[in-house]
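Trainee: One predicted model, sequence on top.
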Amino acid sequence: LGIFTFNLEDLHHNLVSAILSYEYAIATRSGCFCAHPYIIELLDIPEEKINMRKREVLQGVKANLAGAVRASLGIYNTKDEIDQLTDALEEIALNKEKYKEKYYKDEKTGEYLPEEGLPDYRKYFSIED
């Protein structure tokens, strides 16, 4: 399958996914991918931490959930695109502190957003009469 899941040491999975999206135009998904028990097992999360996160979610706070980043490759992807992803991951891993300073975390959802604000996507799309 052309799907692989990963984490970068010392960086939250949602942050890595946001950096790939906003800075490299690489779409990924982050979280548990409807496989919470499996991700919990893979990440070796202790029972007390699981229970703490369950209580937070019941209070509407999802910011501290464990997870990973998932990238998917299709038959249309080129070797150059795979190289772009691996180059981006290497750059992110080598410049962790730089990226941590450029994003803020929504403490309720856990989503990371650029400090400078979201790009204005309207310039790429228009609906003409």
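Mentor: Nice, I can see it.
Trainee: Which stretches in the protein count as strands?
Mentor: 3-6, 29-31, 68-72, 103-105, 112-114 (DSSP state E).
Trainee: buried ones in the first one?
Mentor: So that's strand 3-6. Thr5 (16 or more other Cβ atoms under 10 Å). C-beta: built from backbone N, CA, C; applies to glycine.
Trainee: Parallel or antiparallel, which strands does that strand pair with?
Mentor: strand 68-72 (antiparallel) (DSSP bridges).
Trainee: what comes up buried for the partner strand?
Mentor: Ala68, Val69, Arg70, Ala71.
Trainee: residues touching Leu92, list them.
Mentor: Not Leu; residue 92 is Ile. Leu8, Leu11, Val16, Ile19, Leu20, Tyr99 (Cβ atoms under 8 Å, 6 or more residues apart in numbering).
Trainee: run the last query once more with 6 Å
Mentor: Ile19 (Cβ atoms under 6 Å, 6 or more residues apart in numbering).
Trainee: can you list the strands of the chain in a markdown table and add distance to Ile127 and mean pLDDT?
Mentor: Below are those laid out as a markdown table (distance: least, Cβ to Cβ, whole Å; pLDDT from 0 to 100):
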| stretch | distance to Ile127 | mean pLDDT |
| --- | --- | --- |
| strand 3-6 | 35 | 93 |
| strand 29-31 | 28 | 94 |
| strand 68-72 | 30 | 96 |
| strand 103-105 | 31 | 93 |
| strand 112-114 | 26 | 94 |
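Trainee: between those, which gets nearest to Asn51?
Mentor: strand 29-31 (19.2 Å; Cβ to Cβ).
Trainee: List the pairing partners of that closest one within its sheet, with orientation.
Mentor: In the sheet, strand 29-31 lines up with strand 68-72 (antiparallel) (DSSP bridges).
Trainee: And stretch 59-76, end to end?
Mentor: Terminal residues of stretch 59-76 lie 42 Å apart, using Cα to Cα, to the nearest Å.
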